[in-house]
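1. Please work out how this folds:
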Amino acid sequence: MPVKNIRLGGGGARSPLWRQIQADAYGQEVEIVEAEEGAAYGAASLAGVGAKIWPTVDAACDAIVRVAHRVAIKRENAATMEKSYAAFRRVYPASKSIFSA
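-> Okay, the predicted model is just below:
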């Protein structure tokens with residue numbers, strides 16, 4: 001399934017550094033949602049769908065989820081992460097046997 005948006009909320013999303021790391025690691029802009037309590041907000045929106053306030057979860061999200069701001073990727077950081085991940089993928093098969101013994 002293609003990813004259209006990556007949204008962050010809750011405790012980790014409060015850290016500017018962590019938000020930037022995620023955008024760079026994903027190689028895609030991330031959106032920071034206004035709601036602080038993501039799990040409770042999600043449960044309330046599902047209850048709204050169950051109570052027929054909205055016809056679908058997508059409709060509920062369209063109606064109530066608000067993006068506070070967006071974090072763009074830093075190309076240099078993303079390139080470094082891609083290079084490191086490629087190296088990890090080459091090394092992992094060899095290290096896998098060490099840790100599964």
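2. so how far is Ala68 from Lys74?
-> The span separating Lys74 from Ala68 equals 20 Å under the rule C-beta to C-beta, to the nearest Å. Yep, even glycine has a C-beta here, placed from its N, CA and C like the rest.
3. correct me, but Asn77 touches Gln20?
-> Yes - the pair Asn77 / Gln20 is scored as a contact, 7.4 Å apart, by C-beta atoms under 8 Å.
4. low-scoring pLDDT stretches of the chain, where are they?
-> Low-confidence segments of the chain, defined by pLDDT under 70, span residues 101.
5. which SSE is Asn77 in?
-> Asn77 is part of helix 75-99, with elements assigned from DSSP states H and E.
6. So which bits of that helix are buried?
-> 78, 81 (16 or more other C-beta atoms under 10 Å).
7. Equivalent analysis for stretch 11-29, please.
-> Using 16+ other C-beta under 10 Å as the burial criterion, the residues of stretch 11-29 that qualify are 13, 19-25, 28.
8. Please apply the same query to stretch 38-49.
-> 38, 41-42, 45, 48-49.
9. taking those residues one by one, which sit in helices?
-> Cross-referencing the buried residues of stretch 38-49 against helices under DSSP state H gives 38, 41-42, 45, 48-49.
10. For the residues you listed, give me JSON lines that also has distance to Pro55.
-> As requested, these are arranged in JSON lines below (distance: C-beta to C-beta, whole Å):
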{"residue": "Gly38", "distance to Pro55": "22"}
{"residue": "Tyr41", "distance to Pro55": "19"}
{"residue": "Gly42", "distance to Pro55": "17"}
{"residue": "Ser45", "distance to Pro55": "12"}
{"residue": "Gly48", "distance to Pro55": "10"}
{"residue": "Val49", "distance to Pro55": "8"}
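11. Out of those, flag the one nearest to Cys61.
-> Proximity of these to Cys61 (C-beta to C-beta) peaks at Ser45, which lies at 6.7 Å.
12. Please tell me how far the closest one sits from Ala25.
-> Distance, Ser45 to Ala25, by C-beta to C-beta: 27 Å.
13. ditto for Asp58
-> Note on Asp58: its distance to Ala25, by C-beta to C-beta, is 26 Å.
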